[in-house]
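J.: next one to model:
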Amino acid sequence: MILVGFWAAGSAASAESFDPANCVAVSDQGLTAGAHRGTIPAAGVTDCLVLPTPAGARLDIWLPAYSTLDDVLDVDVVDADGTVLCHDWCDRLTGPTPYRILVSASKASDYQLTVQRTDQIAGCAELPQGAIGTTVGATATFSAARFGTCYAIPPDRHATSEIITAAPAGRSASSVWTAVYDSTGEGICGGYLESFDVAVAHCRLAAGQAYTVAVVGRPLDTSFRISRKDSSAAGADCRTPASTVVGGAPSADDVTAVDDVHCYRLTGGESDSFWTSVRDGTVEYAVFDAAGQQVADCSLMHPCRLTGSTEYRVFVWPASSTLPKSYLLDTWKLGRPGQTPAECPTVADPARQAPITGTLGGTSNAVCRTVPVDGGTKFQVRVTGTPYVYLFNHTGPSSQTAGYCRQDGVWSCALTGVRGDALLVISPRRTSADVPFRAEFDCDPAPCGTTPSPVTLTAVAPASAPNSGPVTLTLTGTGFTAGDTVRLTRTGSAAIPATVTGVSDDGTRLTAQANLTSVASGVWGVTAGSAGLANGLTVTAAPLKLVKAPAISGTVRVGATVRAVGAAWSPAAGALAYRWRADGVAIRGATGSTYAIPAALRGKRLSVTVTAKLANRADTAAASAAVAVGYGAAPAATKKPKITGTVKAGRTVKVSVGAWSPRADTYRYEWRLNGKVIKGATAASLKLKKSWAGKKLTVVVIAKRAGHYDGRAVAAAVKIKR
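T.: Residues are numbered from 1 along each chain as shown. Okay, here's the model as predicted:
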């Protein structure tokens, strides 16, 4: 860990620590400005560093990665009153400014530290995004004067899920720490690297938000390769596994660069189970489901069982910078409840199963058997050779093997609380060589199976559920097993299958998950095996989930036509209905996706309510923000006004208003003599005075239209004759 100790804030620091003469100004952009270097001459002496950081900011203070200074230095951040706010990490700076960093040590020490305001990281070079299987990235170089740097991830150039890797470049080796911050300064993911290791961070990124990658190492002449890759379901460039048959050929490959990441994609039904295993300790791997969630139990120690998703992405990368790395990836489909693979023949009673002999490797990498289990089944497998024995069941979420152990060459296998078929798999753990073996079976204590109890169903909980997604049902009765088929039934509707997720040890309680998304509302029957309950579950119509509120597109002013846009729901609506409102009151007849704004609405606040409709779901309405209706565009003269008549002293002239678009309701006139307004001359005609002879006459026509700005046009000037 590269951060110094984290202690409770609130204590007061010594007054002399705050004398400005004792404080040195330090940048809060240390990732780009460089580290601060100082010396504590003796124990009990405190260095004071003054910060430019404002109140409300977030702050991180780093010592060199895995530094021995962690055990020597104390670092406090204090406000202007001397109150200790935090130590190496400040979520929000409070209290009066300026803030200071107080550095003390238990013995005389030279030190370096990098100070960074994480909610405002400036000057970082962009970290380019590469595809899975490529080595696009950047090289971070450290020295005695710099042990930190940063990279920008622009808001419009990242995926919703990315892998960030850090590894030594060339033959240099050191330690490094990476962290990804969002625009608010919150750390969302990161990784640690020691010596020649490769650090990998799996980051979920929000669309449209910028991020920053902080890289902190040691003040040594070292370089690191930093890269990011699209690991999202839509963007990851994943390969198809070599085989999904139990015991089939593994996907064999090499990783040849420190920032090389490989991806494999598995697809199937939500109730399908898969086996994944990497048979090599020189690489690491992780598995993500269709929703982007990491399957936490998958590791190099044991195979992993995957279930509950329609897709899995398996990522493989080098465990260290010593290259190349070779690996074998097994990806086998284990079937689903009530349906086991053809490669796994059923063993009615393991105690009577004849010994199995053979060689694992080449085209056969596993031996599989289907074992019926009932509640607390236990048995032993005695194996000669070096393969491992695993026992899987088809109930519950993704997990490692259900149970195994080894003692004196005997594997004791047990499944508690499981009824139905389990899979017994014998496979090599971390080898590509041929493995001869012999397996003999015994029950523990005896025999393995019992007579099943009759199935009854007396209650279902909950009694009702919305049709907005999956629901977990708890069935009460007798004789339940993991192999029971659970369904929801209703006359005139297709049956809804439910996946069994668990059964109690005594078979009196069963849990199952059914997807009710958009099924017909009403009363449904529930069946489990041969038992049923006619009024088992009432399904209610659920509203749709609003994804994006509607908005008004266009200029909201008189005479304009605006449109309702942007409204989105999940699942998507089948049809949309519209209702336009002025000052919250529905506008009669305004029920289309567009609306032409009349003059009567000038100054009122216009909004639109969009109602989503989908079969079997409740109508769901959402309103846009209200926008004030502005004046419409001023009428414009398409044909200029003109002075008509004999322009001579003592005569009367008139003005032709010309043509206007949009059409004006009324007109007003301003007659001008030599450019000056003639007082009182506001009619469409004007009698010319003798004193005006020889002067220039013009007129401004002002076009007025309700709810619009006034339009203006000037007639060409004419000279008044005597």
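J.: C-alpha from now on. contacts and neighbour counts both.
T.: Will do.
J.: quick one: the helices in the stretch 1-150 of the chain?
T.: Taking DSSP state H, counting those that start in this stretch as the criterion, the stretch 1-150 of the chain contains helices spanning 30-33.
J.: now swap in the stretch 251-400 of the chain and tell me
T.: Shown for the stretch 251-400 of the chain, no helices are assigned by DSSP H, counting those that start in this stretch.
J.: poorly predicted segments of it, please.
T.: Applying pLDDT under 70 to the stretch 251-400 of the chain flags the ranges 281, 296-297, 299-302, 348-354, 374-379, 395-400.
J.: touching, residue 34 and residue 145? I think so.
T.: Yes. Shown here, residue 34 and residue 145 form a contact pair, counting by CA atoms under 8 Å, at 7.0 Å.
J.: the two: who's more crowded?
T.: For residue 34 versus residue 145, neighbours defined as other CA atoms under 10 Å are more numerous around residue 34 (20 against 15).
J.: what's the closest non-adjacent residue to that one?
T.: With CA to CA, 6 or more residues apart in numbering as the criterion, residue 34 has its nearest non-adjacent residue at 5.4 Å, and that residue is residue 146.
J.: please name the residues that touch that neighbour.
T.: 34-35, 218-219 (CA atoms under 8 Å, 6 or more residues apart in numbering).
J.: please repeat the previous calculation with a cut-off of 7 Å.
T.: Each residue near residue 146 by CA atoms under 7 Å, 6 or more residues apart in numbering is listed here: 34-35, 219.
J.: contacts only, for residue 618.
T.: 541-543.
J.: ok, residue 492 - how many residues close by?
T.: With other CA under 10 Å as criterion, residue 492 counts 6.
J.: could you check how far it is from residue 520?
T.: Remark: distance between residue 492 and residue 520 (CA to CA, to the nearest Å) = 10 Å.
J.: how about residue 599?
T.: Residue 599 is 46 Å from residue 520, by CA to CA.
J.: show me what counts as buried in stretch 545-552.
T.: For stretch 545-552, burial by neighbour count (16 or more other CA atoms under 10 Å) applies to 546, 549-552.
J.: and stretch 503-522, by the same measure?
T.: When burial is assessed from 16+ other CA under 10 Å, stretch 503-522 yields the following buried residues: 503-521.
J.: pretty sure residue 272 is touching residue 338, no?
T.: No. Under the criterion of CA atoms under 7 Å, residue 272 makes no contact with residue 338, lying 10.6 Å away.
J.: which stretches of the stretch 51-200 of the chain have low pLDDT?
T.: Checking the stretch 51-200 of the chain against pLDDT under 70 turns up 171-173, 193-196.
J.: number of nearby residues for residue 575?
T.: Neighbourhood size, residue 575 [other CA under 10 Å]: 11.
J.: gap between it and residue 517?
T.: Distance, residue 575 to residue 517, by CA to CA: 18 Å.
J.: next, count neighbours for the closest residue to residue 360 other than its chain neighbours.
T.: Excluding the flanking residues, the one nearest residue 360 by CA to CA, 6+ apart is residue 435, at 4.9 Å. A count of nearby residues for residue 435, using other CA under 10 Å, gives 17.
J.: now do residue 78
T.: Neighbour count of residue 78, defined by other CA under 10 Å: 30.
J.: with residue 465 instead?
T.: Residue 465: 20 neighbours (other CA under 10 Å).
J.: tell me the SS of it?
T.: Secondary structure assignment for residue 465 (DSSP: H, G, I helix; E, B strand; the rest coil): strand.
J.: quick one on the thing from earlier: partners of the residue nearest to residue 34 in the sheet?
T.: Applying DSSP bridges to residue 146 yields these beta-bridge partners: residue 143.
J.: ok, residue 603 to residue 522 distance?
T.: In terms of CA to CA, residue 603 sits 48 Å off from residue 522.
J.: meant to ask about residue 673, not that
T.: Here residue 673 is placed at a distance of 84 Å from residue 522 (CA to CA).
J.: now do residue 89
T.: Between residue 89 and residue 522 the distance is 55 Å, computed by CA to CA.
J.: which parts of the stretch 251-400 of the chain are strands?
T.: 251-255, 262-267, 273-278, 283-289, 304-306, 311-318, 325-335, 356-360, 367-384, 388-393, 399-400 (DSSP state E, counting those that start in this stretch).
J.: and the nearest residue to residue 356 once chain neighbours are set aside, what does it touch?
T.: In space, and not counting its chain neighbours, residue 356 is closest to residue 439: 5.1 Å by CA to CA, 6+ apart. Shown in contact with residue 439 (CA under 7 Å, 6+ apart): 355-357, 381-384.
J.: now, of the residues you listed, which are buried?
T.: Neighbour counting with 16+ other CA under 10 Å marks 381-383 as buried within the contacts of residue 439.
J.: would CSV of these with distance to residue 529 be doable?
T.: Listed next are the buried ones among the contacts of residue 439 as CSV, based on distance: CA to CA, whole Å:
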residue, distance to residue 529
381, 32
382, 36
383, 37
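J.: out of those, which is nearest to residue 683?
T.: Nearest to residue 683 out of the buried ones among the contacts of residue 439 is residue 381 (CA to CA; 112.5 Å).
J.: run through the residues that contact the nearest residue to residue 187 once chain neighbours are set aside.
T.: Nearest residue to residue 187, sequence neighbours excluded (CA to CA, 6+ apart): residue 181, at 4.3 Å. Contact analysis of residue 181 by CA under 7 Å, 6+ apart lists 187-188, 211-213.
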